[in-house]
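**Student:** got a sequence here, can you build the structure:
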Amino acid sequence: MSNFRTTKAPYSIFFVQIACHYAGHFMARVLPDWKIGLPGTRFSFDLNPAPWSIKEHVLVTLTAASGATYNLGYAPIVLAELWYGTRVNPAVAIFFMLSIVWIGYSFAALARQILLPDPEYIWPQALMQTTLFETFSKTDNSSALARRQMKVFFFALLGMTMWQFLPEYVFPFTSSLAFPCWVAPRNPVANFISSGIGGMGFLNLSLDWSNVNWNGSSIMKTPYWTQVILFLAFAFNCCLLPAAKLGNLGSFKHGLMSNNLFLANGTAYPTLDVLTPNYHLNTTAYEESGRMYMGLQNVWATFFDYAKLPAAITWILTFGYTQVSKNLQRIWSSHKAEKSIKDEGIHHQYHDRLSVIQRQYKEIPWWWYVTLFLVAFVILIIFLALGHLFIPIWTLFVALASATVLVIPFVWLYAISNYQLETGSFNELMYGYMVHTKAGEAHQHPCGPSVYGSIAGDAWYRAQYMLQDQKIGHYMHIPPRAVFFSQIFGTCMGVPINYAVIRWVMNTKGDYLTDKKTDSLNQWTGQSLRTSNTMGVQYAVLGAVIPLILFCLHRFFLRLRIDLWNVSIFFGGLAMFYGNISTGDTSAIIGGYVVMYWAFRYHSEVWK
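**Tutor:** Alright, predicted model coming up:
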């Protein structure tokens, strides 16, 4: 649901983690100790096998996380129905969403042995969840420290939950506190610079948690250096906006902070009028309407959106090469050891305590991932062959090939920074080039780029989520095969519910998403959907060059820690669209400084 909103504070998996701890203990006390057999089979299970354990707690949480994570497949389904009047069959929609998730899970195998067992890669969110699991485990053993930690946690949780009702429902005014606007309420320049709703958001504070945490990070679990980079991107954006509005940065002056398409006079572009019934370009109508224009902020956001991809690849080839190459050597050594010593896996190549413990469990065999991939691949091929998903079959192979290249560098970045790079614009660019050829001329439906982007994007997004949950299993000594099963089971339960939520949003909020009604808080804007529907064709080589320059400087100035100046994160921050809501970034860096720098460095006991 949050992906239809401008800003969001996603429903936290920590709530499930807390709730299932107490629900598990309650059910262990009240459920009868019965053995349930499945009729006609030899399979059976215990209704109440034993006291609630920490391993059960972890597996239930991972199952819920796999089912609750958003699915990129929502975008083409919603776009097709709300903007172009084409309703995707519910069965096709559900199995499409399942398939792209399973593609991503199978792609996790590409990076698993490189990034999972190595203790150098901490996976910040996995580490935070592990800390909470350990605290619950200690409370079960009557640890005084754990009880104090849980009291602090619950008081903070109660306070934040109650507080969120203030900016969201009681005092919407507190979601954007624009002090310069208070001083000069009738000054249009001051209003533009300071307003957090439709303006730059400079010196603007927000007390709305969804606004504070919407920029791709969380101040409570993202490393401070990542938060600083994102804030610098916001500050640089604040320098570009006045130059665009008040200066001569661009020639098109309309819709500066809008992600819609425009005519030359600044009015909305009649997109449907320039398309034929078969969704091809009507050249006569296009010549009458004229060229399409984008707001300047959307233009440079698209530019940096492309630049961050070569930046991420170049960054791992420079700053990450040494560690990744060592891990590849360990994988090769493990492969040779498996031939001579039975059951010796990748964990035998690492000698930290966690890897030693994990050696007792059987590894996930490669054929599990291959089988998962083949099932998803066959489903997608069938849907494409029947014409249900707007794209030609051959583009599926390109999507999978491009995702194969991006999985390792993107997951590597997430493992060290807790920052997730988005690939939507680049994928749509690639698709646009492909279908404007003779081979793709019959597949130019406007929702095609979104279908292609869903497949290519989820191939790495879901790989990242799967590896993050498997890292939690690694920290908590859970058998890898049990973690794998819990993730697949959670997906099978979660995707139908996800589709039901999509239907509810379209039925109840569709008028807001299509501008038939106006949301006073600029929340139900469908911002990411509009961006998906607007993308033009551009590209950048800037991203591939800057990491090389910084790497050379890093070799000579080690004390400057240039290895933390990650330009792919910086470009990702510049690629964010701030047109609807730009408040929260100043509040976020203040909160991040207090939590992840001041408390960590000067009050480490409190921070722990």
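
**Student:** after the helix or strand containing Asn327, which helix or strand is next?
**Tutor:** Secondary structure from DSSP states H and E places Asn327 in helix 321-340. Tracing the chain past helix 321-340, the next element assigned as helix or strand by DSSP H and E is helix 353-358.

**Student:** just the CA atoms of that following helix, as PDB, please.
**Tutor:** Provided in PDB are the C-alpha atoms of helix 353-358 (Å, rounded to 0.1, in the frame of the first residue of the first chain):
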ATOM      1  CA  ARG A 353      32.500 -18.600  15.400                       C
ATOM      2  CA  LEU A 354      29.300 -18.300  13.300                       C
ATOM      3  CA  SER A 355      30.800 -20.100  10.300                       C
ATOM      4  CA  VAL A 356      32.100 -22.900  12.600                       C
ATOM      5  CA  ILE A 357      28.600 -23.400  14.000                       C
ATOM      6  CA  GLN A 358      27.000 -23.400  10.600                       C
END
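
**Student:** helices or strands up against it?
**Tutor:** Judged by 3 or more CB pairs under 8 Å, 6 or more residues apart in numbering; DSSP states H and E, the packing partners of helix 353-358 are helix 448-475. C-beta here means a position set from N, CA and C on the backbone, and glycine is covered the same way.

**Student:** mean confidence score for the helix it packs on?
**Tutor:** Averaging the model's pLDDT scores along helix 448-475 yields 90.

**Student:** how far out from the middle of the chain is it?
**Tutor:** 9 Å (CA atoms, centre = their mean, to the nearest Å).

**Student:** same thing with stretch 36-49?
**Tutor:** Here stretch 36-49 is found 38 Å from its chain centre; the criterion is CA atoms, centre = their mean.

**Student:** can you check stretch 381-388 too?
**Tutor:** Its chain's C-alpha centre and that of stretch 381-388 lie 27 Å apart, by CA atoms, centre = their mean.

**Student:** and the residue lying closest to Leu232 once chain neighbours are set aside, how far from Met596?
**Tutor:** Nearest non-adjacent residue to Leu232, counting by CB to CB, 6 or more residues apart in numbering: Phe570, 6.6 Å away. Going from Phe570 to Met596 by CB to CB, to the nearest Å gives 18 Å.

**Student:** hey, where'd the strands end up in this structure?
**Tutor:** Taking DSSP state E, the strands of the chain run over residues 35-37, 44-46, 177-178, 204-205, 261-262, 293-294.

**Student:** Gly448 is nearest to which of the ones you listed?
**Tutor:** For the strands of the chain, proximity to Gly448 was assessed by CB to CB; strand 261-262 is nearest, at 17.2 Å.

**Student:** touching that closest one from outside, list them.
**Tutor:** With contact meaning CB atoms under 8 Å, 6 or more residues apart in numbering, strand 261-262 is reached by Phe252, His254, Gly255, Ala268, Tyr269, Thr271, Met292, Tyr293, Met294, Gly295, Thr534.

**Student:** worst-scoring helix or strand of this protein, pLDDT-wise?
**Tutor:** Least confident helix or strand of the chain, by mean pLDDT, DSSP states H and E, is helix 527-534 with a mean of 55.

**Student:** for the residue nearest in space to the middle of the chain, what are its contacts?
**Tutor:** By CA atoms, centre = their mean, the chain has its centre lying nearest to Gln420, at 5.5 Å. The contact partners of Gln420, taken as CB under 8 Å, 6+ apart, are Gly216, Phe410, Tyr414, Tyr461, Gln464.

**Student:** among the residues you listed, which one lies nearest to Pro51?
**Tutor:** Closest approach to Pro51 among these (CB to CB): Gln464, at 33.9 Å.

**Student:** ok, the closest one touching Trp412?
**Tutor:** No: when contacts are counted by CB atoms under 8 Å, Gln464 is not listed as touching Trp412 (10.0 Å).

**Student:** who's in contact with the residue nearest to Leu31 when sequence neighbours are not counted?
**Tutor:** Excluding the flanking residues, the one nearest Leu31 by CB to CB, 6+ apart is Asn48, at 4.1 Å. By CB under 8 Å, 6+ apart, the contact set of Asn48 is Met27, Ala28, Leu31, Pro32, Asp33, Trp34.

**Student:** I'd say the fifth one and Leu47 touch.
**Tutor:** Yes: taking CB under 8 Å as the definition, Asp33 is a contact partner of Leu47 at 7.0 Å.

**Student:** ok, and for the longest helix belonging to the chain, which residues are buried?
**Tutor:** Assignment by DSSP state H gives helix 480-513 as the longest helix of the chain. Judged by neighbour count (16 or more other CB atoms under 10 Å), helix 480-513 contains these buried residues: 480, 483-488, 490-491, 494-495, 498-499, 502, 505-506, 509-510, 512-513.

**Student:** could I get the average pLDDT for it?
**Tutor:** On average, the pLDDT along helix 480-513 is 86.

**Student:** neighbours of Trp83, how many?
**Tutor:** With neighbours defined by other CB atoms under 10 Å, the count for Trp83 comes to 18.

**Student:** for it, give me phi and psi.
**Tutor:** Torsion angles at Trp83 (phi, psi; degrees, to the nearest 10) stand at phi -100, psi -30.

**Student:** likewise for Pro270?
**Tutor:** Phi and psi for Pro270, reported as degrees, to the nearest 10, are phi -80, psi 80.

**Student:** what's near enough to touch it?
**Tutor:** Pro270 neighbours (CB under 8 Å, 6+ apart): Leu263, Ser289.
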